[in-house]
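[1] I'll drop the sequence and a predicted model, then ask my questions.
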Amino acid sequence: MEQPCRVCTAFKDWTKQEKKKQRVSNIHTNDNINETKYTKDDANSSTPTLPPDCPPDVEQLGRSTWTFLHTMAAYYPEVPSYAQQRSMKTFLSTFSEFYPCNFCAEHLREEMKSKPPKVESRWALGKWLCEMHNIVNEKLGKNIFDCSKIDERWKDGPKDGRCD
Ligand SMILES: Cc1cc2nc3c(=O)[nH]c(=O)nc-3n(C[C@H](O)[C@H](O)[C@H](O)COP(=O)(O)OP(=O)(O)OC[C@H]3O[C@@H](n4cnc5c(N)ncnc54)[C@H](O)[C@@H]3O)c2cc1C
């Protein structure tokens, strides 16, 4: 059977799939079917977390990647040269080609067709990226982020100084 794609699957769902596969295989090989039934309790058992030395799942990869992308945008030049603007466009296009979660990358490429990257300034890039991230947030039912707060979140830290 073909392996499910790790970086396209959340670990909690991945382990559920693996458990289910195990049970299905046990049902076929075990005499005592009652012992190997997949129960509702198993599906609702506490959410497993990914050990730190394992390959990333879709969520860990996503979090790390957004951290990199937003931080990169936060430190992009205020007034980039044309060469820098071209490099950033190339980078984002290449990124959307090779992002390892294939359906995430496909969705990003689709969105980038109608909303091409804004690379003319630091603020424009940060806002564009924030909006792209919000499109994914909306798709996944997550909260929409207030894009006026990108510098606070990714560069300067909160005003109360708790990150200083
Ligand atoms: C390009 C890309 C496409 C993806 N597509 C999919 C997909 O199709 N399906 C899927 O299941 N997962 C996808 N992911 C992963 C998904 O977006 C999340 O990273 C993952 O679900 C973990 O979510 P999280 O709640 O930890 O926070 P994340 O969404 O990873 O966000 C990390 C932190 O960024 C901050 N943040 C949130 N929104 C914004 C914003 N709009 N602007 C600036 N900062 C923000 C918050 O402080 C948040 O804690 C994608 C990731 C990337 C990088």
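    Cool, the structure landed. Everything numeric here is computed off the predicted structure, so don't read it as measured data. Numbering: from 1, shown residues only.

[2] contact residues of the chain facing the ligand?
    Proximity of the chain to the ligand is assessed by Cβ under 6 Å from any ligand atom, with 58-59, 62-63, 65-66, 70, 99, 103-104, 107-108, 130, 133-134, 136-137, 140, 142, 145, 150, 153 identified as the residues in range. For glycine as for every other residue, the C-beta is placed from the backbone atoms N, C-alpha and C.

[3] I'd like the mean pLDDT over the host helix or strand of Leu61, please.
    Secondary structure assigned from DSSP states H and E places Leu61 in helix 58-74. When pLDDT is averaged along helix 58-74, the result is 97.

[4] flag every buried residue along it.
    Within helix 58-74, the residues that count as buried by 16 or more other Cβ atoms under 10 Å are Val58, Glu59, Gln60, Leu61, Gly62, Thr65, Leu69, His70, Ala73, Ala74.

[5] of these, closest to the ligand?
    Nearest to the ligand among these, counting by Cβ to the nearest ligand atom, is Gly62 at 2.2 Å.

[6] quick one: low-confidence ranges for this protein?
    Under the criterion pLDDT under 70, the flagged ranges of the chain are 1-4, 18-47.

[7] kindly recompute the last result at 90.
    1-6, 11-52 (pLDDT under 90).

[8] can you list the domain ranges for it.
    Listed domain ranges for the chain are 7-36, 58-156 (source: automatic domain parsing).

[9] nearest to Leu50, out of these?
    Comparing the domains of the chain against Leu50 with Cβ to Cβ, the closest turns out to be domain 7-36 (4.3 Å).
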